[in-house]
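Colleague: What follows is a predicted structure for the sequence shown.
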There are 2 protein chains.
Amino acid sequence: MVEISRRGMMLVLSSPSGAGKTSISRRLLAEDDDIVMSVSATTRPPRPGEIDGKDYYFYDPDTFAEMVKNGEFLEHATVFDNSYGTPKKPVWDALDRGQDVLFDVDWQGTRKLRESAREHLVSVFILPPSIDELERRLKGRGQDSDEVVAGRMARAKSEMSHYAEYDYIVVNDDLDASVDSVKAILKAERLNQERQTGLVDFVRGMGVEG
Amino acid sequence: MVEISRRGMMLVLSSPSGAGKTSISRRLLAEDDDIVMSVSATTRPPRPGEIDGKDYYFYDPDTFAEMVKNGEFLEHATVFDNSYGTPKKPVWDALDRGQDVLFDVDWQGTRKLRESAREHLVSVFILPPSIDELERRLKGRGQDSDEVVAGRMARAKSEMSHYAEYDYIVVNDDLDASVDSVKAILKAERLNQERQTGLVDFVRGMGVEG
């Protein structure tokens, strides 16, 4: 087999809660050795069992602030008293090694990633097969009040209103089919000419002037 | 299954002679019901067995000239005494029906198609696995002179020098793997957000404002 070296991509999966994004992400990570989950940094203290560099990068507030100042985050935000962000270096290192990095972020996170790394970004939005199915999933075990469910539905619709900002749309009415769809997107994007950085040398090695 | 209506794409496959493009095209057309081969128009008379509308659209020179004047071709060229071209209407009709149209053209044909229909075009360049393998294939049964083979090699290298003008690159060192690659490109591009024209209504039907 000819192996052409390639630059990895940042694969963003977004969806309203209840559309199946988490199940699809898990399957991808389990079944494809060339994609890894992105790891966020946070200033909140580790919880029992959390591992630095795997669950999060745990930084003290001063270090985090210094990194923000130095532009070392792809995106960052403060939620209540804690800061969260995506450090650039581990992502760039993975892409350079030819690994893809998976991001599970909402439309706002996607916009920030697009601003800071558009050429590496491949964005996929997962839609539910119908509004009734989404509501059924969001009702869960039926122990929540109508108001709570209505709030979830409103948030889901608000998230879905941004679908057109994404490169690809997958309607998830069957988990296996949706995993196959995202795998096809990964496979195709790996064949993208600009991502196959080894092509220049490969073609030159055949005596072809590009 | 939720079916989102979509606009078809124009899938261009180019490669040097001997890289396997024809075998890949045949497999795609045989194994995927949603893609059809583009049919060219020509002013040359039909040969025995050729069917109008299947092998070619056969037009008399006046009709062809009139169509050129009216901008009814995606691209056209005159080779010796005969004119050839790709009529727009059957391609637009197929794309509107949600069918993809396959084009087997060289880098020059691809450029012309890109000029007239960039938003519909998905272009794939097939490379041979090595220059030795390409030469082996171009030597065929070994009945051609060294000069003839050298001429073929020079043309192949000239064609390959345009690989970087294509969206995707597939190195064909195994036919099955290459067919899978082109199928993944097709599947992914069908999930392209802008090509899924039915999404607007689908999402609106869920009460989402886009």
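Modeller: Looks like it arrived, so ask away. Numbering: from 1, shown residues only, chains lettered A, B, ... in the order given.
Colleague: Confirm for me that A:G20 is in contact with A:S178.
Modeller: Yes. Judged on CB atoms under 8 Å, A:G20 makes contact with A:S178 at a distance of 6.6 Å. Every C-beta, even on glycine, is put in place using the N, C-alpha and C of the backbone.
Colleague: anything in contact with each of these two?
Modeller: A:I126, A:N172 (CB atoms under 8 Å, 6 or more residues apart in numbering or on different chains).
Colleague: and A:P129, helix, strand or coil?
Modeller: coil (DSSP: H, G, I helix; E, B strand; the rest coil).
Colleague: which residues touch it?
Modeller: Here A:P129 is in contact with A:V171, A:N172, A:D173, B:V2 (CB under 8 Å, 6+ apart).
Colleague: where's the first one relative to chain B, distance?
Modeller: Read that as A:V171. 5 Å (CB to the nearest CB, to the nearest Å).
Colleague: can you give me the helices for chain A?
Modeller: Here chain A has its helices, by DSSP state H, at A:21-31, A:61-69, A:88-96, A:107-117, A:131-139, A:146-160, A:175-190, A:199-205.
Colleague: which residues touch the one residue sitting closest to the centre of chain A?
Modeller: Nearest to the mean C-alpha position of chain A, counting by CA atoms, centre = their mean, stands A:F103 at 1.7 Å. A:F103 sits next to A:M10, A:L11, A:V12, A:L13, A:S38, A:T86, A:G109, A:T110, A:L113 when contact means CB under 8 Å, 6+ apart.
Colleague: can you rerun that using 6 Å?
Modeller: A:V12, A:S38 (CB atoms under 6 Å, 6 or more residues apart in numbering or on different chains).
Colleague: one step back: quick one, which of the helices of chain A is packed in tightest?
Modeller: helix A:175-190 (a mean of 20; mean count of other CB atoms under 10 Å in any protein chain shown).
Colleague: Alongside chain B, which residues does chain A contribute?
Modeller: A:2, A:129, A:131, A:157, A:160-161, A:164, A:166, A:168-169, A:171, A:173, A:181, A:184-185, A:187-188, A:191, A:193, A:196, A:199, A:206, A:208-210 (CB under 6 Å from any CB of the partner chain).
Colleague: where are the low-confidence patches of chain A?
Modeller: Scanning chain A with the threshold set as pLDDT under 70 gives A:210.
Colleague: Let's see that with 90 instead.
Modeller: By pLDDT under 90, the low-scoring segments of chain A are A:1-2, A:17-18, A:20, A:78-81, A:137-146, A:148-149, A:209-210.
Colleague: out of everything not next to it in sequence, what's closest to A:N192?
Modeller: B:Y168 (6.1 Å; CB to CB, 6 or more residues apart in numbering or on different chains).
Colleague: pretty sure that neighbour contacts B:A184?
Modeller: No. Under the criterion of CB atoms under 6 Å, B:Y168 is not in contact with B:A184, lying 9.5 Å apart.
Colleague: Report the spatially nearest residue to A:E159, omitting neighbours in sequence.
Modeller: A:P16 (4.3 Å).
Colleague: for that neighbour, what are its contacts?
Modeller: A:A156, A:E159, A:M160.
Colleague: Let's see that with 8 Å instead.
Modeller: By CB under 8 Å, 6+ apart, A:P16 lies in contact with A:P128, A:L134, A:R155, A:A156, A:K157, A:E159, A:M160.
Colleague: was I right about the first one contacting A:R137?
Modeller: Yep, that's A:P128 we're talking about. Yes. The criterion here is CB under 8 Å, and A:P128 meets it with A:R137 at 7.3 Å.
Colleague: shared neighbours of the two, which are they?
Modeller: A:G18, A:A19.
Colleague: one step back: hmm, which two among the contacts of A:P16 are most spread apart?
Modeller: A:P128 and A:R155 (13.3 Å; CB to CB).
Colleague: coming back round to it: bridging residues for the residue nearest to the centre of chain A?
Modeller: A:V12 (DSSP bridges).
Colleague: what's the spacing between it and chain B?
Modeller: Counting by CB to the nearest CB - A:F103 and chain B are separated by 18 Å.
Colleague: Tabulate the contacts of A:P129 in JSON lines, adding columns for neighbour count and distance to A:P48.
Modeller: Below are the contacts of A:P129 laid out as JSON lines (neighbours: other CB atoms under 10 Å in any protein chain shown; distance: CB to CB, whole Å):
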{"residue": "A:V171", "neighbour count": "23", "distance to A:P48": "39"}
{"residue": "A:N172", "neighbour count": "22", "distance to A:P48": "33"}
{"residue": "A:D173", "neighbour count": "15", "distance to A:P48": "38"}
{"residue": "B:V2", "neighbour count": "14", "distance to A:P48": "42"}
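Colleague: Restricted to strands, list the residues you listed.
Modeller: A:V171 (DSSP state E).
Colleague: Looks like A:S14 contacts A:W107 (just checking).
Modeller: Yes. Counting by CB under 8 Å, A:S14 does reach A:W107; the two are 6.0 Å apart.
Colleague: So A:E115 versus chain B, what's the distance?
Modeller: A:E115 is 19 Å from chain B, by CB to the nearest CB.
Colleague: same deal with A:D62?
Modeller: 42 Å.
Colleague: again, but for A:T43
Modeller: 35 Å.
Colleague: mind listing what that residue touches?
Modeller: Contacts of A:T43 (CB under 8 Å, 6+ apart): A:F58, A:Y59, A:D60, A:P61, A:F64, A:N82, A:S83, A:Y84.
Colleague: When you filter those down to buried only, what's left?
Modeller: A:F58, A:Y59, A:F64, A:S83, A:Y84 (16 or more other CB atoms under 10 Å in any protein chain shown).
Colleague: what's the closest of these to chain B?
Modeller: When these are compared for distance to chain B (CB to the nearest CB), A:Y84 comes out closest, at 27.4 Å.
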